[in-house]
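[1] need the 3D shape of this:
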Amino acid sequence: MARLGCQEPTFARTGDYSFTDATEAVPIFEDMGASFMEYQRELLKLYFARDDAGDFASRSICVSIPRQNGKSYAARWYCVWMAAHEGMNVLYSCHHGKVARSMFKKICDIVTNDHDLASCLKPNGMGIYKAAGSEGIYFVDENGRDSGMIEFQTRMSSNVRGESYAVIVVDEAQELTSVQAEGLTPTRMAQANPQTLYIGTPPGPMCPGDVFKTIHDRSHDGDSDVWWLEWAVDELPEKDAPRSDLMEKAYRTNPAMGTLIREDVMLDTMDTMSIDSFAREILGWWPPALLLDYAIAANRFEALAVDDAPASGRTAYGVKFAPDGSEVSLAAARIDGDAVYVEQIRREPMALGLGWLAEWIAQRKNAGCCCVIDGKSGAQALVDKLGTMPVNYIVTPSASQVIAACTAMVDRVNEGTLEWFRPQADLLDSAVTSTRRKIGSTGGWGFGGENPIPIEAASLALWGVLNSKRNPERKQRIG
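    Predicted coordinates for the structure are as follows:
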């Protein structure tokens with residue numbers, strides 16, 4: 001029999017409960033084709049745990065476990081039960097859009113592959129809503145009345161305001177920032193019996209999330225009522241630790257060893273990762289507190305949001321290509337009287353090509369004062385594709401000008417002399433999670449982190465509108 005990873009957490013802080021509905025639910029899930037590891041069964045027992053009054057035994061449950069161990073699998077089935085059987089409103093919240101779409105598809109498969117569940121969907125094609133960014137699954141009760149639902153959202157602070165959910169699953173919990181948490185928390189306040197599940201991994205060195213880390217620290221200090229479970233080594237292994245020792249630690253901290261994770265793959269991973277990355281990503285190690293140099297104060301940026309974009313004024317555009325050439329972000333800036341305004345226009349993968357972007361920029365050559373294009377991975381290709389443009393309309397900034405653009409953005413935020421369009425959650429996330437990235441040897445900096453290109457594009461547009469001397473003959477709305 002193959003050796004299996006340890007199913008018991010290395011650290012757990014939970015509380016008492018009277019009973020658990022997992023006793024009823026898990027056998028039903030298995031009849032539907034689910035296959036759980038023992039640790040996933042134990043997680044479901046805690047998710048379903050109730051007190052004497054029948055309420056959730058814990059309002060918040062956190063699970064920290066290394067990647068590729070199937071940590072969201074139990075939660076997906078739990079969401080289905082809460083929505084279809086209990087009639088609750090459920091939110092599945094993710095940091096990345098691709099994760100939200102993946103979870104939507106996987107939960108859709110659970111529902112549509114079971115006749116009884118599929119029959120509970122809202123009729124006339126209204127049970128599954130597939131619009132990107134607003135995916136949802138909607139159920140009716142035995143009388144055909146609206147019942148529970150599962151909605152899927154990326155985790156931006158303004159995305160779910162005004163909605164109300166009884167159960168919230170916070171996937172990729174290590175990425176959750178305080179600003180984003182402030183947007184999620186009110187959505188469950190009106191519920192009589194709410195619950196939140198946090199599922200994540202230890203944060204990386206550039207991870208902006210602070211909520212999961214705070215709960216982790218309080219749980220280990222015994223200063224929290226939140227239920228916390230983790231699979232993790234306590235200390236960073238020695239750099240030259242024997243592979244056999246690392247393998248033992250891998251089996252202790254990865255319950256999917258022997259099922260989802262093969263030993264030969266684990267050995268290869270040891271040889272291709274630095275010891276600190278291996279410890280964090282594979283052994284669940286929580287590094288000491290990281291002091292990230294965030295470029296923009298979250299509360300200051302969010303306070304500058306406005307509900308309406310200015311209809312006229314001097315306008316410039318900014319284009320930023322990701323360093324790895326994977327995507328491009330387009331933004332605009334406008335001066336309208338004393339107000340300086342920035343807006344994200346569009347963000348697309350480079351797999352879409354440059355045709356749409358070149359056409360968009362060319363159509364506005366008589367409307368904007370300039371278009372500032374930056375990024376070694378695509379700027380020159382875009383300029384070549386644009387061909388002949390009006391003099392001074394296309395600007396490819398130097399390193400010092402990029403530094404000036406980023407500095408101008410931060411200065412405007414700190415001074416409170418900037419506005420941005422409130423519904424643009426991607427721009428908000430980029431602004432409040434970006435760090436300072438050194439540029440060159442002069443002490444200058446640009447935006448870094450995991451999602452910098454929207455705020456970089458907006459900064460380029462801002463710099464352009466503040467500095468360009470070109471005066472286009474006619475005006476046009478930004479978007």
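[2] only C-alpha atoms from now on, for both contacts and neighbour counts.
    OK.
[3] residue ranges of the helices in the stretch 351-479 of the chain, please?
    Secondary structure of the stretch 351-479 of the chain (DSSP state H, counting those that start in this stretch): helices located at 355-363, 379-386, 399-415, 425-433, 453-467.
[4] check what contacts stretch 275-283 and list those residues.
    66-67, 201-204, 231-233, 236-239, 249-250, 253-254, 269-270, 285-287 (C-alpha atoms under 8 Å, 6 or more residues apart in numbering).
[5] and if you look at stretch 11-20?
    By C-alpha under 8 Å, 6+ apart, stretch 11-20 touches 45-46, 48-52, 57-58, 219, 226-232.
[6] CA atoms only for that stretch - export them in PDB, please.
    What follows is stretch 11-20, C-alpha atoms only, in PDB (Å, rounded to 0.1, in the frame of the first residue of the first chain):
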ATOM      1  CA  PHE A  11      -1.600  22.800  14.600                       C
ATOM      2  CA  ALA A  12      -5.300  23.100  15.300                       C
ATOM      3  CA  ARG A  13      -7.400  25.400  17.500                       C
ATOM      4  CA  THR A  14     -11.100  24.600  17.400                       C
ATOM      5  CA  GLY A  15     -14.000  24.600  19.800                       C
ATOM      6  CA  ASP A  16     -16.800  22.400  21.000                       C
ATOM      7  CA  TYR A  17     -19.900  21.600  19.100                       C
ATOM      8  CA  SER A  18     -23.100  19.700  19.700                       C
ATOM      9  CA  PHE A  19     -23.500  17.900  16.400                       C
ATOM     10  CA  THR A  20     -22.400  18.000  12.700                       C
END
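[7] list the buried ones in that stretch?
    By neighbour count on 16 or more other C-alpha atoms under 10 Å, the buried set for stretch 11-20 is 12-14, 17, 19-20.
[8] what's the most distant pair in the residues you listed?
    Using C-alpha to C-alpha, those span at most 19.0 Å, a distance reached by Ala12 and Phe19.
[9] so where is the stretch 51-200 of the chain shaky, pLDDT-wise?
    156-162, 186-187, 189-190 (pLDDT under 70).
[10] mind listing what the residue most central in space within the chain touches?
    Closest residue to the average C-alpha location of the chain: His95 at 1.2 Å, with C-alpha atoms, centre = their mean. The neighbours of His95, taking C-alpha under 8 Å, 6+ apart as the test, are 154-156, 171-173, 175-176.
[11] now with 10 Å?
    153-156, 170-176, 180, 429 (C-alpha atoms under 10 Å, 6 or more residues apart in numbering).
[12] show the buried residues in those.
    Those of those that meet the buried threshold are 153-156, 170-176, 180, 429, by 16+ other C-alpha under 10 Å.
[13] can I assume Tyr129 is in contact with Glu135?
    Yes - here Tyr129 reaches Glu135: they are 5.3 Å apart, a contact under C-alpha atoms under 10 Å.
[14] give me the number of residues near Asn366?
    18 (other C-alpha atoms under 10 Å).
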